[in-house]
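A.B. asks: need the 3D shape of this:
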Amino acid sequence: MDTTYLSLAGKVALVTGASRGIGRAIALAFADAGADLAISSRKQPALDEVAAEIRALGRRALAVAAHNREPDDLRMLMEKVKAEYGRLDILVNNAATNPVMAPLVETDERAFDTIMNTNLKGYFLLSQMAAKMMIEQGGGNILNISSIGGLSPDKGLGVYCISKAAINMLTRAMALELGDANIRVNALAPGVVQTRFSQALWGNEALMKQEMEHMPIKRIAQPEEVAQMALTLVSGAAAYITGQVIVMDGGGSL
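C.D. replies: Okay, here's the model as predicted:
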């Protein structure tokens with residue numbers, strides 16, 4: 001089997017929310033495939049641990065504490081990436097938040113703004129900045145980590161699902177506009193993944209039992225499985241795929 005299409009040798013990738021969970025798994029998978037990494041999240045010590053893991057794989061790592069909700073942080077992040085590497089081939093928008101689990105009619109404006117500014121506005125601004133760099137260098141890849149919730153809402157997760165639905169449209173709109181610049185834009189929409197972020201869901205035995213009743217693959221995903229699909233989508237193996245939202249939910253949406 002020819003695996004050269006999955007190689008990221010010579011590429012520079014930026015992964016947000018990379019201190020744990022899906023983001024960490026993606027960063028390590030990319031490093032293992034040959035990419036040098038820039039990683040961000042809110043807490044520097046946790047980032048430094050992941051950076052050490054990347055370097056142990058023989059790749060360069062730039063760890064920058066930056067809040068996805070703060071435009072100034074995102075501008076600073078991109079400036080450091082450009083200063084360190086001089087280019088950016090791959091952006092993975094992964095950082096996200098969901099501080100509330102409540103019906104929409106009981107969700108206050110502050111929670112709405114927090115979710116939308118982090119999950120949507122942050123993705124938009126960082127993609128915009130990355131795209132400008134990629135246009136100058138002749139191409140690149142943007143991958144947005146969405147959610148099955150962006151296609152089918154869950155009770156109590158309304159605003160989060162709305163933010164992910166908006167990310168799906170952001171993906172399509174940017175893919176349409178950036179295709180002529182040799183920039184592919186896709187989204188990956190997992191179901192429940194076993195991370196700390198989603199523990200309130202997979203840690204609920206009654207809920208998971210109910211979910212498994214209609215799932216063809218009767219388990220939840222692991223971060224490393226999501227990372228391998230992310231690697232595929234930003235690699236040469238997916239060179240003719242853009243503007244797509246790839247569902248990865250074990251068949252739960254069938």
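A.B. asks: where does this protein have its least confident helix or strand?
C.D. replies: helix 199-202 (a mean of 58; mean pLDDT, DSSP states H and E).
A.B. asks: find the residue at the geometric middle of this protein.
C.D. replies: Central residue of the chain (CA atoms, centre = their mean): residue 94, 2.6 Å from the mean position.
A.B. asks: correct me, but that one touches residue 18?
C.D. replies: Yes: between residue 94 and residue 18 there is a contact at 7.0 Å, judged by CB atoms under 8 Å. Backbone N, C-alpha and C define where each C-beta goes, glycine included.
A.B. asks: between those two, which contacts overlap?
C.D. replies: The overlap between the contact sets of residue 94 and residue 18 (CB atoms under 8 Å, 6 or more residues apart in numbering) consists of residue 26.
A.B. asks: any idea which helix or strand comes after the helix or strand harbouring residue 231?
C.D. replies: Element membership of residue 231, judged by DSSP states H and E, is helix 223-234. Using DSSP H and E, the helix or strand that follows helix 223-234 in sequence is strand 245-248.
A.B. asks: packing partners of that following strand?
C.D. replies: Contacts defined by 3 or more CB pairs under 8 Å, 6 or more residues apart in numbering; DSSP states H and E place strand 245-248 against helix 158-178, strand 183-190, helix 223-234.
A.B. asks: now distance to residue 120 and mean neighbour count too, for the ones you listed, in TSV please.
C.D. replies: Listed next are the helices and strands packed on strand 245-248 as TSV, based on distance: least, CB to CB, whole Å; neighbours: other CB atoms under 10 Å:
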stretch	distance to residue 120	mean neighbour count
helix 158-178	5	20
strand 183-190	12	24
helix 223-234	19	21
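A.B. asks: closest one to residue 64 among these?
C.D. replies: With CB to CB as the measure, helix 223-234 is the member of these nearest residue 64 (20.0 Å).
A.B. asks: contact partners of the closest one?
C.D. replies: The contact list for helix 223-234 (CB under 8 Å, 6+ apart) reads 6, 8, 13, 21-22, 24-26, 28-30, 33, 90, 92, 141, 143, 145, 186, 188, 190, 193-195, 238, 241, 246, 248.
A.B. asks: buried among the residues you listed? Need that as a selection in ChimeraX.
C.D. replies: Selection of the buried residues among those in ChimeraX, burial being defined by 16 or more other CB atoms under 10 Å:
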select :6,8,13,21,22,24,25,26,28,29,30,33,90,92,141,143,145,186,188,190,193,194,195,238,246,248
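A.B. asks: about what we covered before: now the helices and strands packed on strand 245-248 as JSON lines including distance to residue 58 and mean pLDDT?
C.D. replies: Shown next, in JSON lines, are the helices and strands packed on strand 245-248 (distance: least, CB to CB, whole Å; pLDDT from 0 to 100):
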{"stretch": "helix 158-178", "distance to residue 58": "31", "mean pLDDT": "97"}
{"stretch": "strand 183-190", "distance to residue 58": "26", "mean pLDDT": "97"}
{"stretch": "helix 223-234", "distance to residue 58": "17", "mean pLDDT": "97"}
